[in-house]
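Visitor: this is a predicted model, with the sequence first.
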Amino acid sequence: MLYDVIVVGGGPSGLMACIAASRQGGRVLLVDKGDKLGRKLGISGGGRCNVTNVKEMDELIKHIPGNGRFLYSALSNFGSKEIIDFFEGLGIRLKEEDNGRMFPVSDKASSVVNALIGQVRKQGVEIRTDSPVREVLFDNGRAAGVRLATGEVIHGASVILAVGGKSVPKTGSTGDGYPWAAQAGHTITELYPTEVPLTSDEPWIRDRELQGVSLRDVALTVWNAKGKKVVTHEGDMIFTHFGLSGPAALRCSQFVVKALRQSGADHVAVTIDLMPGQSADEVYAATMRL
């Protein structure tokens, strides 16, 4: 059987690709190596699923790790407004929270997962779980299908790789797609973790003295080995049993990773400004009033 589109990976991008392709009348097959679709989506946003952000595009680009300008074209064609329309069209009511973040009114990532999977099934997409792909097949430089781990060959006029990166291996994100993308002629740049929590071996972290304490609207700054400021991000954060998490820490993580690699050290310093934008006198006066 020849499919118009074979989508490899049943996460949010794979599910949305299936919906888009099948809406155009294509015969679509979704192949996933796990036994459950949308596994990583189900734990995103602390289990609440932050689906998009309604801030202006320039502001969004500024906060995207790495080369955010790369996404200008994609966001111009399918930005926050289109994302909101898409999910509300699936019956998911959304609400806006701090810093423009949009969450489902249900506060449950599972409602987003179920809506996506339900739409995929409704549109007649064939789904095969527990079907790991061994390789992507090419014919004269064009994708021609996939070969499963069982040896079965499935033919397709096009293949969409939506297998994710290497972020959460337990959910299936183990980096399978990189060699396939390279085989197709794409360049694979240096890989590094981003948007991840920060770990610390400070005694007061290990002793869990502040575990669970959350801070609102603080400024987290990363410093390099020479004591020079690398970056500052403002937002919420939380102390955990292993270090720091929350939006501010996640945004700083890629700069921590890069600073570690550049210095060859096993740690970098970060500082927290509890009242960013206020002078020492202003903080003192506010404290005295309290």
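Guide: All right, it came through fine.

Visitor: okay, CA-based contacts and neighbour counts for the rest of this
Guide: Noted.

Visitor: confirm that residue 267 sits in a helix.
Guide: No. Counting by DSSP: H, G, I helix; E, B strand; the rest coil, residue 267 falls outside a helix, being coil.

Visitor: quick one: it from residue 232, how far?
Guide: Residue 267 sits 17 Å away from residue 232, going by C-alpha to C-alpha, to the nearest Å.

Visitor: residue 243 now?
Guide: Residue 243 is 18 Å from residue 232, by C-alpha to C-alpha.

Visitor: equivalent analysis for residue 216, please.
Guide: 15 Å.

Visitor: ok, the two, which is more surrounded?
Guide: residue 232 (19 against 14; other C-alpha atoms under 10 Å).

Visitor: state the helix or strand in which the more buried one lies.
Guide: strand 229-239 (DSSP states H and E).

Visitor: name the helices or strands packed onto the next helix or strand after that strand?
Guide: For strand 229-239, the following helix or strand on the C-terminal side (DSSP H and E) is strand 243-245. If you count contacts as 3 or more C-alpha pairs under 8 Å, 6 or more residues apart in numbering; DSSP states H and E, strand 243-245 packs onto strand 198-199, strand 229-239.

Visitor: what's downstream of strand 243-245, the next helix or strand?
Guide: helix 247-263.

Visitor: only alpha carbons, please: show that following helix as PDB.
Guide: Output in PDB follows, covering the C-alpha atoms of helix 247-263 (Å, rounded to 0.1, in the frame of the first residue of the first chain):
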ATOM      1  CA  PRO A 247      10.600  29.800  33.500                       C
ATOM      2  CA  ALA A 248      13.500  31.900  34.500                       C
ATOM      3  CA  ALA A 249      15.800  28.900  35.100                       C
ATOM      4  CA  LEU A 250      14.700  27.100  32.000                       C
ATOM      5  CA  ARG A 251      15.400  30.200  29.900                       C
ATOM      6  CA  CYS A 252      18.900  30.500  31.400                       C
ATOM      7  CA  SER A 253      19.800  26.800  30.900                       C
ATOM      8  CA  GLN A 254      21.200  27.000  27.400                       C
ATOM      9  CA  PHE A 255      23.600  29.700  28.500                       C
ATOM     10  CA  VAL A 256      24.700  27.700  31.500                       C
ATOM     11  CA  VAL A 257      25.400  24.700  29.200                       C
ATOM     12  CA  LYS A 258      27.400  26.900  26.800                       C
ATOM     13  CA  ALA A 259      29.400  28.600  29.600                       C
ATOM     14  CA  LEU A 260      30.300  25.200  31.000                       C
ATOM     15  CA  ARG A 261      31.500  24.000  27.600                       C
ATOM     16  CA  GLN A 262      33.500  27.200  27.000                       C
ATOM     17  CA  SER A 263      35.200  27.200  30.400                       C
END
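
Visitor: if anything else comes up later, I'll come back, but that's it for now.
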